[in-house]
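Student: Need coordinates for the below:
(one chain, ligands or ions: 1)
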Amino acid sequence: MLIDQLKAENQALKRQLDALLQAARANEEKMRRFDQLEHQLIGAGSLLELLRMLLGEYRAAFGVEQIGVALVDSEGETRRLLQLEQPSDSTLSAGLRLLDTAAPLQALHALPWKPWLGRFDPARHAGLFSAMPVGMLRSVALLPLSRHGQLIGSLHFGSTDPQRYEAGAGTQFLERLSAIVSVCLESALNQERVKRAGLTDALTGVHNRRYFEHRQLVEISLSIRYRQPLACMFLDIDHFKRINDGHGHGAGDAVLRQVGQLIQGQLRLGDTIARWGGEEFVVLLPRTSGVQAAEIAERIRSAIAQHGLPLPGGGELPVTTSIGVAMLRIDPSIREPRLIAEGLIKNADQALYAAKEGGRNRVVSGPEPGSFEG
Ligand SMILES: Nc1nc2c(ncn2[C@@H]2O[C@H](COP(=O)(O)OP(=O)(O)OP(=O)(O)O)[C@@H](O)[C@H]2O)c(=O)[nH]1
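Tutor: Numbers count the residues shown, from 1 in each chain. Here you go, the predicted structure:
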C-alpha cells in the first residue's frame, strides 16, 4: 500500500518536474528568440525598418494581439523623414501614432518611468492602439521610451489574455526592451537626419535633384507595372534674374523658399517636389492623368501669382512661374528606366520652354501619352 502511494507520489513529482523542465526549455527558447529580435532591432537599417519590426515581426514573436507605438514629433520631423522613405505604409498607419506634444505620454507614464502592466481600460488605452480593433483586449503593457531624461515615445502591447500583463508582475525584460527600443529609435532618427541632409535642398527645404532622380526611377517602374499614368511638371520662376538684380540675392532666396512652399501646399502626400537647380523646380505626380496634372499645375501657377514676396518697405514683389507638364510615354523600344526618366524630363522641359515662349505665367501641357502597353 505504502509502496503504491510512494509510486503515485513519485509519478506526480516526475510530471511536475517534466512540466518545469518544459517551461524552462520554453523560456529558454523564448529568451533566445527575444535575444535574436533585439539583435535585429539594433541592426535595423532605417527608421521605417525599425518601426516595421516593432509593429509587425514583434507582434508575431511576442504572440500578442496588438502593438502600438506613439512617438513625440513636435516639429513634424519624424513624419517628414518617414514620408521620404515610404509615403504610405499600411503597417505603420495601423500601429504608429505621431504626437504633437509629450503631454499624452506624461499623462500615461508616471515618474520614475517604468513599464506599466495591468488591465485594459478602454477609456484610457483604446487610443494607444490607433486604428486597430481593440474591443477584445484584456491586459496591456505600456513601456515608456525615453532618452536624456525626456519621454520620446511609448510602446504598447495589448493582449486578449487578462493574465498576460498583470499588475505587479516582473518587468525586467520589458524594462530592457524599452531601453533598447529607445536607443534604437534615437539612432535611427539620427541616421535618417544624415540621409535626409544629403537628399534635401538646404535653401528651400524641398528635396534635391539627387532624391528626385532616385524617386523618379521608382515611380516610373511602378507606373509601368501597374499601368497607371505618371505626370511630371517642370516649373521656372519668371525673370528671376531681375528679382536678384533689383532686390538683392536675399530677396531671390526668399522667393525660392516661398515658391517651394506654395508648390508643396498644392500637392498630395505621394507626390514629389524637388528643386532641380537655380530657379527651377520639378514635380512628379503618380496616378495622375494629363487633365488632372494640368489642373494642379494651374492651381500652383495661380497660388504663386497671388502671393508676391512681402517687401521690407511694404508692398509685394510680384512673382510668376511658367510650368511645363508632360506625361510618361511608353516607347516599347526604350526599356531602360534611366532613359525613360530622361525622356519624361525632356518633354516637361520642352513644354516649359513653350510656356516661356508663349508669354510666361502660364501652363503648357505636352502631348498626351499613347497607351501603356510596353
Ligand atoms: N537668389 C538666388 N539666385 C539664384 C540661385 N540659383 C540661381 N540663381 C539665379 O537665377 C537667375 C536665373 O536667371 P535666368 O536663367 O536668366 O532666367 P530668368 O531671369 O528667370 O528668366 P526666364 O527664366 O527666361 O523667365 C540667375 O541670375 C542666377 O544667378 C539661388 O540659389 N539664389
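
Student: in stretch 45-59, what counts as buried?
Tutor: Neighbour-count burial for stretch 45-59 flags 46-48, 50-55, 58-59 (criterion: 16 or more other CB atoms under 10 Å). All C-beta atoms are positioned from the backbone trio N, CA, C, and that covers glycine.

Student: what do you get for stretch 303-311?
Tutor: 303-304, 309.

Student: same deal with stretch 150-167?
Tutor: 151-159, 164-165.

Student: Same question for stretch 278-294.
Tutor: Those would be 279-288, 290, 293-294, for stretch 278-294 by 16+ other CB under 10 Å.

Student: right, and out of those residues, which lies closest to the ligand?
Tutor: E279 (4.7 Å; CB to the nearest ligand atom).

Student: What distance do you get for the closest one to F129?
Tutor: 47 Å (CB to CB, to the nearest Å).

Student: Kindly list the main-chain dihedrals of R119?
Tutor: phi -70, psi 140 (degrees, to the nearest 10).

Student: Spatially central residue for this protein, please.
Tutor: L82 (2.2 Å; CA atoms, centre = their mean).

Student: Can you tell me which helices and strands the helix or strand that contains it packs against?
Tutor: For L82, the host element (DSSP states H and E) is helix 77-85. Contact here means 3 or more CB pairs under 8 Å, 6 or more residues apart in numbering; DSSP states H and E; on that basis helix 77-85 packs against helix 47-52, helix 172-197.

Student: make it 10 Å
Tutor: Helix 77-85 sits against helix 47-52, strand 66-72, strand 96-99, helix 172-197, with contacts defined as 3 or more CB pairs under 10 Å, 6 or more residues apart in numbering; DSSP states H and E.

Student: Report the buried residues of the last one.
Tutor: Just to be clear, that refers to helix 172-197. 174, 177-178, 180-182, 184-185, 188-189, 191-192, 195-196.

Student: residue of the stretch 51-200 of the chain with the smallest distance to the ligand?
Tutor: Closest approach between the stretch 51-200 of the chain and the ligand, counting by CB to the nearest ligand atom: T200, at 14.2 Å.

Student: In this structure that residue contacts I273, no?
Tutor: No - using CB atoms under 10 Å, T200 is not in contact with I273; the gap is 11.4 Å.

Student: Mutual contacts of the two, please.
Tutor: 206-207 (CB atoms under 10 Å, 6 or more residues apart in numbering).

Student: So between these two, which is more surrounded?
Tutor: Using other CB atoms under 10 Å as the criterion, T200 and I273 rank with I273 on top: 23 against 19.

Student: Who are the contact partners of that one?
Tutor: Contacts of I273 (CB under 10 Å, 6+ apart): 201, 204, 206-207, 212, 233, 235, 260-261, 263-264, 266-267, 281-285, 300.

Student: Narrow those to those in helices?
Tutor: 212, 260-261, 263-264, 300 (DSSP state H).

Student: could I get the buried residues of stretch 45-59 as TSV with pLDDT?
Tutor: TSV is the format used below for these (pLDDT from 0 to 100):
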residue	pLDDT
S46	83
L47	87
L48	88
L50	90
L51	90
R52	88
M53	88
L54	89
L55	88
Y58	82
R59	81
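
Student: For L37, which of the helices and strands packed on helix 77-85 is the nearest?
Tutor: helix 172-197 (9.0 Å; CB to CB).

Student: how near is A251 to R138?
Tutor: When A251 is compared with R138 (using CB to CB), they lie 62 Å apart.

Student: Kindly report the same for A12.
Tutor: In terms of CB to CB, A12 sits 32 Å off from R138.

Student: Please enumerate residues in contact with the one helix or strand R242 maps to?
Tutor: Following DSSP H and E, one finds R242 within helix 240-247. Identification of contacts with helix 240-247 by CB under 10 Å, 6+ apart yields 237, 239, 249-256, 259, 278-280, 309, 311-312, 317-319, 321.

Student: among these, which ones are buried?
Tutor: By 16+ other CB under 10 Å, the contacts of helix 240-247 give 237, 251-252, 254-256, 259, 279-280, 309, 319, 321 as buried.

Student: Including secondary structure, could those residues go into TSV?
Tutor: Listed next are the buried ones among the contacts of helix 240-247 as TSV, based on DSSP: H, G, I helix; E, B strand; the rest coil:
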residue	secondary structure
I237	strand
A251	helix
G252	helix
A254	helix
V255	helix
L256	helix
V259	helix
E279	coil
E280	strand
L309	strand
V319	coil
T321	strand
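
Student: restrict these to those near the ligand?
Tutor: 237, 252, 256, 279 (CB under 6 Å from any ligand atom).

Student: So P318 sits against N361, correct?
Tutor: Yes - checked against CB under 10 Å, the pair P318 and N361 is within contact range at 9.5 Å.

Student: so what sits against both of the two?
Tutor: Common neighbours of P318 and N361, counting by CB under 10 Å, 6+ apart, are 238, 304-305.

Student: mind saving the C-alpha coords of stretch 35-42 as PDB?
Tutor: What follows is stretch 35-42 as a C-alpha-only set of coordinates in PDB (Å, rounded to 0.1, in the frame of the first residue of the first chain):
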ATOM      1  CA  ASP A  35      17.600  38.000 -27.900                       C
ATOM      2  CA  GLN A  36      17.500  37.400 -31.700                       C
ATOM      3  CA  LEU A  37      14.900  40.100 -32.100                       C
ATOM      4  CA  GLU A  38      16.800  42.500 -30.000                       C
ATOM      5  CA  HIS A  39      19.800  42.000 -32.300                       C
ATOM      6  CA  GLN A  40      17.500  42.600 -35.300                       C
ATOM      7  CA  LEU A  41      16.200  45.800 -33.800                       C
ATOM      8  CA  ILE A  42      19.800  47.000 -33.200                       C
END
